[in-house]
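*Asks:* got a sequence here, can you build the structure:
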Amino acid sequence: MTMEAASTGTARIVVARDGTVAHVELARGDRLNAMDGGFFEELGATFRALSGDSGVRAILLSAQGRHFSAGLDLGWAAAQFAEVGDPGRFAERQVRDIAWLQGAIDAVEAARQPVIAVLHGGVIGGGVDLACACDLRVAAADAWFQVAEVDVGITADLGTLQRLPHLIPGGIVRELALTGRKMAADEAARWGLVNRVAADRDSALAAGWELARTIAAKSPMAVVGTKRSLNHSRGRTIEDGLRDVATWNAATLANADLAAIGRARAAGTTATFADLRAGPG
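*Replies:* Below is the predicted model of the structure:
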């Protein structure tokens, strides 16, 4: 079984729209939203499509069931090793397969629109990878985080080790990744991994919707440019980031959103903005 052909036809992800906000839900709650080949296929396709949707200005990501995600579906993963054959050729295929899995998580970060994750219950292994790829995180009080790969004998390879150090102190990242200990929502908030903690899942969803709608009401040109600049600047020098954002503004600043804001402020009303143009993402 190849990773690309792993989907059984059962939806792992469902998407609903409320105005300019898209709500993406992990829908494999009966399996604790464990991530198999079908999940990664749907995740990448979903976020690539939403990125190119001109009517979507913010994306809310949440999960059904008791936990946000139990991480990689270990039964599915074990099946990928059923026929090794020639070790060299198997290893070459593994490199491409891992890149395919990484690409699905990357699609979340690469979406033009900000992505707000609403986290509850266990956020384990691949669930941490997914949460780290989002722009903002709201946690229910019962949420807990675990970089669990060390406990199953693998090195986390879908983004946690690369993204988490930009969100919380490096020493805490190393402790979590090397011990596999659980980190509760209040500690995650203390270190800055989550933007806020709500009493329960419903309250966290409400807070996530509030953030999504607030962002969706802003100038889409400014929002897209801000996310682009933040992502570009991470890991680069300040000078590099400044040059890039100067080029972006020089190319895009003459846009209708600025005029709409000026008119609205003069009239004491709320500005409204045209959608961005549709595109491939």
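*Asks:* now A99, what's its secondary structure?
*Replies:* A99 falls in the helix class when you classify it by DSSP: H, G, I helix; E, B strand; the rest coil.
*Asks:* so how far is D157 from it?
*Replies:* 10 Å (Cβ to Cβ, to the nearest Å). (Glycine included, C-beta is placed from N, CA and C.)
*Asks:* likewise R57?
*Replies:* 32 Å.
*Asks:* who has more neighbours out of the two?
*Replies:* More crowded of R57 and D157, by other Cβ atoms under 10 Å: R57, with 26 against 15.
*Asks:* quick one: contacts for that one?
*Replies:* By Cβ atoms under 8 Å, 6 or more residues apart in numbering, the contact set of R57 is T20, V21, Q113, I215, A216, K218, P220, V223, D275.
*Asks:* cool, V194 as well?
*Replies:* With contact set as Cβ under 8 Å, 6+ apart, V194 has these partners: L119, R137, V138, A139, A143, A185, A188.
*Asks:* that one is in what secondary structure piece?
*Replies:* Using DSSP states H and E, V194 falls within no helix or strand.
*Asks:* can you check A16 too?
*Replies:* Following DSSP H and E, one finds A16 within strand 13-18.
*Asks:* pull the residues that contact whatever helix or strand comes next after that strand.
*Replies:* Using DSSP H and E, the helix or strand that follows strand 13-18 in sequence is strand 21-26. Contact with strand 21-26 is made by 12-17, 33, 39, 46-47, 50, 53, 56-65, 68-69, 113, 209, 212-213, 216, as judged by Cβ under 8 Å, 6+ apart.
*Asks:* just the buried residues from those, in PyMOL please.
*Replies:* Buried subset of those, written as a PyMOL selection, criterion 16 or more other Cβ atoms under 10 Å:
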select buried, resi 12+13+15+33+39+46+47+50+53+56+57+58+59+60+61+62+63+65+68+69+113+209+212+213+216
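*Asks:* looking at the contacts of strand 21-26, which are in helices?
*Replies:* Among the contacts of strand 21-26, the ones falling in helices (DSSP state H) are F39, T46, F47, L50, W209, A212, R213, A216.
*Asks:* what comes up buried for stretch 187-199?
*Replies:* Those would be A188, A189, L193, V194, N195, V197, A198, for stretch 187-199 by 16+ other Cβ under 10 Å.
*Asks:* excluding its backbone neighbours, what's nearest the second one?
*Replies:* Spelled out, that is A189. For A189, ignoring the flanking residues on the chain, the nearest one in space by Cβ to Cβ, 6 or more residues apart in numbering is V197 at 5.0 Å.
*Asks:* sec struct for that neighbour, please.
*Replies:* V197 ends up strand, using three-state DSSP.
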